[in-house]
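A.B. asks: generate a structure from the sequence data that follows.
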Amino acid sequence: MRTTLAVTVAPDAEPVTVQQVRKHCRIDHASDDDLLASYVQTARIMAEGYLSRVLITQTLLWTVRPESLLRPDWRFVIGPLELPRAPVQSIASVTVLDRWGNSTALAPAILPIVPPTAFTGYIADLSLDPAQLRIGRATPLIDGRQFRDATFENIQISFVAGYGEPAAVPAPISTAIMMGAAFYYENRGDAGAEMPKAFEALLDRYRLQFLGG
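C.D. replies: Next comes the predicted model:
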């Protein structure tokens, strides 16, 4: 799939503190705290990629190219879009850009919808894990066409995701990040060093598997 995912507002904390990693590694000084902070961030990013989740609240921008979500003629969206990171707290914006540079900001659909197939704007189901978003085919675009008739350059979805504060992150995930930071600290530049299997084992029960969308 041709998509890109970027963090536009970074988290303001990490799931574990440098002090916790120091205790885990039995370090009795603070001279390496800058290194440990970097390793915690690295371990958190690695864990998020493995899980397809984000941990502390942050804002992401997902850009989807048309061949990733449309039929071969690039005219019809295939079902709902599964957002690539979870848990999603809210949708910040949904923007459609066509091949001629026309950009349309979509609004949430007005509920309830009757009949359920006829709506304009977008519907997001944040109760799912991963969350899903669907765009109404009759949604009007800025150039007067409907969504179903447009030829797209991309669709961009900005969304807020994460468990919230560090205390809300499941304990096994925090433990895995602490172990990852300790591994980076103890194996700086060592060729052939491998992350402990316990790192992935702790994360596996929370890992999302994407089967489509």
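A.B. asks: contacts and neighbour counts: CA atoms only from here.
C.D. replies: Fine.
A.B. asks: what's the distance between the residue most central in space within the chain and T3?
C.D. replies: Centroid-nearest residue in the chain: R85, 2.6 Å away (criterion: C-alpha atoms, centre = their mean). Per C-alpha to C-alpha, to the nearest Å, R85 is found 13 Å from T3.
A.B. asks: again, but for V96
C.D. replies: 14 Å.
A.B. asks: more crowded one of these two?
C.D. replies: Using other C-alpha atoms under 10 Å, the more surrounded residue of V96 and T3 is V96, with 22 against 16.
A.B. asks: correct me, but the more buried one touches N154?
C.D. replies: Yes - between V96 and N154 there is a contact at 6.3 Å, judged by C-alpha atoms under 8 Å.
A.B. asks: show me where the chain has its strands.
C.D. replies: For the chain, the strands defined by DSSP state E cover 3-9, 58-64, 81-82, 88-98, 103-106, 122-125, 132-135, 152-161.
A.B. asks: got these as CSV, with distance to H29 and mean pLDDT columns?
C.D. replies: What follows is these, written out as CSV (distance: least, C-alpha to C-alpha, whole Å; pLDDT from 0 to 100):
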stretch, distance to H29, mean pLDDT
strand 3-9, 32, 95
strand 58-64, 31, 96
strand 81-82, 45, 90
strand 88-98, 38, 95
strand 103-106, 52, 95
strand 122-125, 48, 94
strand 132-135, 47, 92
strand 152-161, 35, 93
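A.B. asks: distance to G180 for the ones you listed - can I get that in CSV?
C.D. replies: Formatted as CSV, those follow (distance: least, C-alpha to C-alpha, whole Å):
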stretch, distance to G180
strand 3-9, 22
strand 58-64, 21
strand 81-82, 28
strand 88-98, 25
strand 103-106, 40
strand 122-125, 33
strand 132-135, 31
strand 152-161, 22
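A.B. asks: closest to N187 out of those?
C.D. replies: Minimum separation from N187 across the strands of the chain (C-alpha to C-alpha) falls at strand 3-9, 28.2 Å.
A.B. asks: quick one: strands adjacent to that closest one?
C.D. replies: strand 58-64 (antiparallel) (DSSP bridges).
A.B. asks: by mean pLDDT, point me to the weakest helix or strand of this protein.
C.D. replies: Lowest by mean pLDDT, DSSP states H and E among the helices and strands of the chain is helix 66-69, with a mean of 57.
A.B. asks: low pLDDT regions in the protein?
C.D. replies: Scanning the chain for pLDDT under 70 picks out the ranges 1, 66-78, 114-117, 190-191, 210-213.
A.B. asks: how many neighbouring residues does S158 have?
C.D. replies: Counted with other C-alpha under 10 Å, residues neighbouring S158 total 20.
A.B. asks: what about the helices in this protein?
C.D. replies: In the chain, the segments counted as helices under DSSP state H are 18-25, 33-51, 66-69, 171-186, 197-204.
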